[in-house]
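[1] using only what follows, build the 3D model:
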Amino acid sequence: MPKPTIRQLQMFVEVIRCRSFRKAAECLNTSQPALSRGMKELEALLGTLLISRTTRSVSPTEAGKEFFSRATHLLGELDELVDATNAVAAGKRGRLKLTYMDFAIIGRLPYIIRQFKEGHPDILLDVQYSVSQDQFPMIDQGLVDIGFVSGEPSRNGFSSRVVTKESLLAVVPENHALAKRGSISLGELSEENFVTGDHRWVMYTDKLSSICNQHGFEPRVVQTGFTRDEILSFVLAGIGITVYPECITNVPRPGLHYIPISDVGRSIVSSAIWKNSNANPALLLFLEQLSKADHGPSKFD
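    This next block holds a predicted model:
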C-alpha cells in the first residue's frame, strides 16, 4: 500500500497549524492550488477526510486530529535524525572507543579524557583496559578507535603519537636498606631480586631489561604479576623490589617507598596509536585534543 510522503505530512501539519491554506502555502513557499491538490491526494491515499473546510476556517476532522498528532511526532523524529546524523558527521556527537594500559590510566589519560569530555560532552566514550600488545589487533579489527601503549611502536597502517616520557623509580618496602635514600643509580639495584609484570607486560619488561643491560646487569626476576596491585603487593611482602615509571607516585601505597633513579633520564615512553584508515570524526577531535598535551611526565600534583 502506498505511504504518504514526507512532503505531504509537512503540508498537512502546516495547514492545521496555520488554520489556513493561504498562510500554509506562504510558509511552505508553494502555491495554494498545489497545497490543496496535495491535501486531496493525501486524503485519497488514506481513504478518509482529514480536513474540514469552510469558507472561513480550516480544522481537522477526528481522524485528522489523530493524523496531526502522529505526523507532528514523526516529523520531529525526522528532524532529530537529521540533526543527529549531521552532528555525528561533524564529530559533535558519536562514540569513541578507547583502550589503555596501566601507565596511561594512572598518568595523563584521566586528564586528557576530562578535557575532551568538557569540550565534547555529547560524544560517548567507551573506555576499557588492555595490555599494550593486545591493543593492536583490537584497533586493526575496528573494535577500538585509539589505544594507549608502552613504547613508540611503528607498524604498517598505524599512526602513533608520544603522550608521555617518564623517568623511573625504584619501589621498595619501607624497611629496605635503600628506602630512606633521596635517589639512587640504577646499578645499585643489580643485586636485588626483581618483581615485574608477567608475559603480558612484555613491551615494558623488554624495555626495562634493555635499560638494565645498558647499566651492566640483567635484572634477576623472581616473581611476576599480572596487575599493578599484584606487583606492589609482592614488593610489600618482601619478595623483591620493582622498577616503575614515575606515574606510580599518583597511586601511593602505604608501606612502600618510591625512590627516583637518577641516571636513566626520561627513558620510558607511552604513546597513543590508531589506524590510519579510521575515519571516525570523534577520533579526529580526540587527536586534536591530544596534540595540545605536551610530552611531559605523568606526575601531577
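
[2] going forward, measure contacts between C-alpha atoms and count neighbours the same way
    Fine.

[3] any idea how far residue 245 is from the closest residue in space to residue 183 that isn't next to it in sequence?
    Counting by Cα to Cα, 6 or more residues apart in numbering, residue 183 lies nearest to residue 260, which is 4.8 Å off, once chain neighbours are set aside. Residue 260 sits 10 Å away from residue 245, taking Cα to Cα, to the nearest Å as the criterion.

[4] common neighbours of those two, please.
    Common contact partners of residue 260 and residue 245 (Cα atoms under 8 Å, 6 or more residues apart in numbering): 167, 168, 169.

[5] could I get those residues as TSV with neighbour count and pLDDT?
    Below are those laid out as TSV (neighbours: other Cα atoms under 10 Å; pLDDT from 0 to 100):
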residue	neighbour count	pLDDT
167	20	96
168	24	97
169	24	97
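
[6] off-centre distance for the stretch of helix or strand the residue nearest to residue 183 belongs to?
    Using DSSP states H and E, residue 260 falls within strand 256-260. On the basis of Cα atoms, centre = their mean, to the nearest Å, strand 256-260 sits 32 Å off its chain's mean C-alpha point.

[7] tell me which stretches of the stretch 101-250 of the chain form helices.
    102-105, 109-119, 132-140, 202-214, 228-236 (DSSP state H, counting those that start in this stretch).

[8] so what touches the second one?
    Helix 109-119 is contacted from outside by 123, 286, 289, 290, 293, using Cα under 8 Å, 6+ apart.

[9] out of the residues you listed, which are inside strands?
    residue 123 (DSSP state E).

[10] any of the contacts of helix 109-119 buried? List them.
    123, 286, 290 (16 or more other Cα atoms under 10 Å).

[11] do you know how far the second one is from residue 262?
    This means residue 286. 34 Å.

[12] got it, and residue 52?
    88 Å.

[13] now residue 218
    From residue 218 to residue 262 the distance is 18 Å (Cα to Cα).

[14] ok, now residue 97?
    In this view, residue 97 and residue 262 are 37 Å apart by Cα to Cα.

[15] more neighbours, the two?
    residue 97 (18 against 14; other Cα atoms under 10 Å).

[16] run through the stretch 51-200 of the chain and note the low-pLDDT ranges.
    Within the stretch 51-200 of the chain, the segments meeting pLDDT under 70 span 55, 83-84, 86-93.

[17] what about the strands in it?
    51-53, 58-60, 94-100, 123-129, 146-150, 158-166, 168-173, 193-197 (DSSP state E, counting those that start in this stretch).

[18] starting at the chain centroid, how far to the following helix or strand past the strand holding residue 260?
    If you walk from strand 256-260 toward the C-terminus, the next helix or strand you reach (DSSP H and E) is strand 268-275. Remark: strand 268-275 is offset 15 Å from the chain centroid, using Cα atoms, centre = their mean.

[19] same check on stretch 155-173?
    With Cα atoms, centre = their mean, you get 19 Å for stretch 155-173.

[20] dump that stretch to CSV, keeping only the CA atoms.
    C-alpha atoms of stretch 155-173 as CSV (Å, rounded to 0.1, in the frame of the first residue of the first chain):
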residue,chain,number,x,y,z
ARG,A,155,53.6,-0.7,12.4
ASN,A,156,52.2,-0.6,8.9
GLY,A,157,48.8,1.0,8.7
PHE,A,158,49.1,2.6,12.1
SER,A,159,49.9,6.1,13.3
SER,A,160,51.3,6.9,16.8
ARG,A,161,51.9,10.0,18.9
VAL,A,162,54.1,10.2,22.0
VAL,A,163,52.0,11.1,25.1
THR,A,164,54.5,10.9,28.0
LYS,A,165,58.2,10.5,28.6
GLU,A,166,58.9,9.3,32.1
SER,A,167,61.8,8.7,34.5
LEU,A,168,62.0,5.5,36.6
LEU,A,169,61.5,4.9,40.3
ALA,A,170,62.6,2.0,42.5
VAL,A,171,59.7,0.7,44.6
VAL,A,172,60.9,-0.9,47.8
PRO,A,173,59.4,-1.8,51.2
